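Undergrad: got a predicted structure here, sequence first:
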Amino acid sequence: MTERFQLKNVGVEDPSDESGMSGFRYLALFQCNVEYRFSTEDMSVKEAEIYIQDVLNQLPAETIHEICKKACEWKDLKMSSDTADYPPGLGEVYGADILEFMSVGQVDLYRNPYDRNDHTFGAILGGGAEWDSENGMEIVIRGSEVLEVREYLGYGADAIWSETDESE
């Protein structure tokens, strides 16, 4: 029997907003511990833990491939448009090796704000990429579908859903 995934050090993120929670735990894709942040108005701690365990830490190979592909496209565009100093070998890196040049420190979890009955959660993995250290990086995911890998824009749930995603 496997042990149920549980966030560690779960607590209120900001005393002025008691619905904002955070906790720490492992993120398999980047093989590191990260801070998971979410609102208890969007999901319970148990729902967050289930999404992390069953989706984010069990991403299918095609999802990981898509993250790497989009990261490489962004890296190539960025490297071709400026003359910054980059780590040796970065220009030749493709596939899963690109993950070594990326880092994630926090994961923000969201529920569809336009359809509270939508049981598909979304996540934004925030961190850095060695080809764009100035802006930071975010990987935008709905369920296990990769929407974007890009510089940090900070749109939150609006990066994952739009009003057209409201159920009819």
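TA: Nice, thanks for sending it over. Since this is a predicted model, take the numbers as computed values, not measurements.

Undergrad: C-terminal to the biggest strand by length in the chain, what's the next element?
TA: The strand that spans the most residues within the chain, counting by DSSP state E, is strand 17-27. Later in the chain than strand 17-27, the nearest helix or strand by DSSP states H and E is strand 32-39.

Undergrad: quick one, that next one and strand 17-27 angle?
TA: 160 degrees (axes from the mean of the first three to the mean of the last three C-alpha atoms, to 10 degrees).

Undergrad: now strand 32-39: buried residues?
TA: Using 16 or more other C-beta atoms under 10 Å as the test for burial, strand 32-39 gives 34, 35, 36, 37, 38, 39. For glycine as for every other residue, the C-beta is placed from the backbone atoms N, C-alpha and C.

Undergrad: would you mind writing the CA trace of stretch 58-72 as CSV?
TA: Provided in CSV are the C-alpha atoms of stretch 58-72 (Å, rounded to 0.1, in the frame of the first residue of the first chain):
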residue,chain,number,x,y,z
GLN,A,58,2.8,11.6,-12.9
LEU,A,59,3.0,13.6,-16.1
PRO,A,60,2.8,11.4,-19.2
ALA,A,61,5.9,11.2,-21.4
GLU,A,62,4.1,13.2,-24.2
THR,A,63,3.5,16.1,-21.7
ILE,A,64,7.1,16.1,-20.7
HIS,A,65,8.1,16.0,-24.3
GLU,A,66,5.8,19.0,-25.0
ILE,A,67,7.4,21.0,-22.1
CYS,A,68,10.8,20.3,-23.5
LYS,A,69,9.8,21.1,-27.0
LYS,A,70,8.3,24.5,-26.0
ALA,A,71,11.2,25.3,-23.8
CYS,A,72,13.7,24.6,-26.6
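
Undergrad: where does residue 84 land in three-state SS?
TA: coil (DSSP: H, G, I helix; E, B strand; the rest coil).

Undergrad: show me where the protein has its helices.
TA: Using DSSP state H, the helices of the chain run over residues 45-54, 61-81.
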